[in-house]
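*Asks:* quick one, fold the following:
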Amino acid sequence: MKRVITYGTFDLLHYGHIALLKRAKELGDYLIVALSTDEFNSVEKNKHCYFSYEQRKSLLEAIRYVDLVIPEESWEQKVSDAHEYHIDTFVIGDDWKGKFDFLKDEGVEVVYLSRTPEISSTQIKKAFSDGKGKGNCS
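*Replies:* Below is the predicted model:
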């Protein structure tokens, strides 16, 4: 069985996230998502989420491409996760290109996937905070 892992915050889950998870799952048989905890987001990433860790975890667990959700609590855990979960492939967005190549030394294939260019959680948050929410709902 080929095991794939990806990491992220996955706040305000949108079709770009789903596309990334689908493509990640296509690279193996079992997809693990390491979901950034609220504390890690706040302290290390300087991000504040709309949804709590438990809410984001529940959303991810409902997606058919996701087999397991684990907490991401530090930047350094990627190597230990690779060993603990017997990871074959590490997948992340291409805006991180080159940053995780050190995992190759652990025997893990590293794949940087292109992001869905027209959508991001940051863009959604900004649009709504500016009062310029986009969409077809009224």
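*Asks:* low pLDDT regions in this structure?
*Replies:* Scanning the chain for pLDDT under 70 picks out 117-138.
*Asks:* where along it do the strands fall?
*Replies:* 3-8, 30-36, 68-72, 89-93, 109-113 (DSSP state E).
*Asks:* kindly present these as JSON lines, with separate columns for distance to R56 and mean neighbour count.
*Replies:* The way it works is simple: take the backbone N, C-alpha and C, and place the C-beta from them, glycine included. Shown next, in JSON lines, are the strands of the chain (distance: least, Cβ to Cβ, whole Å; neighbours: other Cβ atoms under 10 Å):
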{"stretch": "strand 3-8", "distance to R56": "9", "mean neighbour count": "22"}
{"stretch": "strand 30-36", "distance to R56": "6", "mean neighbour count": "22"}
{"stretch": "strand 68-72", "distance to R56": "9", "mean neighbour count": "17"}
{"stretch": "strand 89-93", "distance to R56": "17", "mean neighbour count": "21"}
{"stretch": "strand 109-113", "distance to R56": "20", "mean neighbour count": "16"}
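*Asks:* which one's the longest helix in this protein?
*Replies:* Criterion DSSP state H: the longest helix present in the chain is helix 15-25.
*Asks:* which strands or helices does that one pack on?
*Replies:* For helix 15-25, the elements it packs on are strand 3-8, strand 30-36, strand 89-93, strand 109-113, judged by 3 or more Cβ pairs under 8 Å, 6 or more residues apart in numbering; DSSP states H and E.
*Asks:* give me the contacts around the second one.
*Replies:* When you say that, I think you mean strand 30-36. 1-10, 21, 24-25, 45, 47, 53, 56-57, 60, 65-72, 77-78, 81, 85, 87 (Cβ atoms under 8 Å, 6 or more residues apart in numbering).
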